[in-house]
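**Student:** With the sequence up front, the predicted model follows.
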Amino acid sequence: ALLETVRRVRAEGGDPRVLLLSVADDPTATVPPPEMLREACEAAGDAGLFVVSDESWRDTVHRPHDTFVLSPAEMLPDQAAVLLDLSGALLPAGWPAAVVRFPGTPRGTWLRARTLDILTATGATVAGPVAGAAAYALDEPDAVAGRAHAAAALHGVVAAAAHRELLAVGAFARPPQAGRHLYADLTPLRAGLARQGVRDAMELEDHLGGRLGAPTPGGQRFADELGALRVRLSTGPLLGATPQERLAALTARDPLGLPHVRRSLDLLGSVLAGLIS
């Protein structure tokens, strides 16, 4: 399908040159099978496409021993750049910093210089304190790596519980494998939602967000069809409303047994059940 699309666009006078891939996807919280990614990279190589691999959520895989993450840079070392938003796993969400690794080729050197020119021209700099924290995190000291691994496992446990709540009411969602979100398809609940005045993803976003007390972006924000009843649910709000509650969840042997986590999941289940009435 990729090769046919490139062929058709070029036949129409277009000039596709870049393929963006995500090895650990947000919003779906899934990791593509290695064989699928391998085929996509082979097709990109055959079509002469430069690959940008978004690996922002790579280090948030819930069960790293069970989920193999393949990077396009391993397959196309001279034809791929790796992009990493550090807030995915290593920095707080409000601390914007990212890194990109270009191939060590003349083309990669040119791309790096061009990127730096654009960033300089637009004034896109990292604040000093954030830069210091990012440099420290990129060294992956035990304290940072240990917390990142613990956080990934915690979000995995809570995401699996939220996934069960979705399936219990007949909704669709892929089993979460990475990150801090689930992408839920509530199309099977369309009749009940319509009775409550919800007919598209934008209305679903407002409806669920108000009842859950947390942002639930609709699928229209991720280039999905407005008429598709899909939303992204975050696991973060399920861990607690205060830093103390979230830390308790991080260090608990059984986070699902904590009262505040249980209340959050019960609320989710109750709100979802209300959609089918």
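**Tutor:** Looks like it came in fine. Residues are numbered from 1 along each chain as shown.
**Student:** now the strands: where do they sit in the stretch 51-200 of the chain?
**Tutor:** Taking DSSP state E, counting those that start in this stretch to define them, one finds strands in the stretch 51-200 of the chain at 80-85, 98-101, 172-173, 181-185.
**Student:** so who does the closest residue to Asp224 other than its chain neighbours touch?
**Tutor:** For Asp224, ignoring the flanking residues on the chain, the nearest one in space by C-beta to C-beta, 6 or more residues apart in numbering is Arg230 at 5.6 Å. Where C-beta positions appear, they are placed from N, C-alpha and C, glycine not excepted. When contacts are counted by C-beta atoms under 8 Å, 6 or more residues apart in numbering, Arg230 is found next to 183-187, 201, 204, 218-219, 224.
**Student:** mind redoing it with 6 Å?
**Tutor:** Residues in contact with Arg230 (C-beta atoms under 6 Å, 6 or more residues apart in numbering) are 185, 201, 219, 224.
**Student:** returning to that earlier point: export the strands of the stretch 51-200 of the chain as JSON lines, with columns for mean pLDDT.
**Tutor:** What follows is the strands of the stretch 51-200 of the chain, written out as JSON lines (pLDDT from 0 to 100):
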{"stretch": "strand 80-85", "mean pLDDT": "96"}
{"stretch": "strand 98-101", "mean pLDDT": "94"}
{"stretch": "strand 172-173", "mean pLDDT": "96"}
{"stretch": "strand 181-185", "mean pLDDT": "96"}
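**Student:** Could you tell me which residues within the helix or strand bottoming out on mean pLDDT in the chain count as buried?
**Tutor:** One helix or strand of the chain scores below all others by mean pLDDT, DSSP states H and E: helix 128-138, with a mean of 92. The neighbour-count check on helix 128-138 (16 or more other C-beta atoms under 10 Å) flags 130, 133-134, 137 as buried.
**Student:** for stretch 249-264, same thing?
**Tutor:** 249-250, 255, 258, 260-261, 264.
**Student:** Give me the neighbour count for Val158.
**Tutor:** A count of neighbours around Val158, defined by other C-beta atoms under 10 Å, yields 25.
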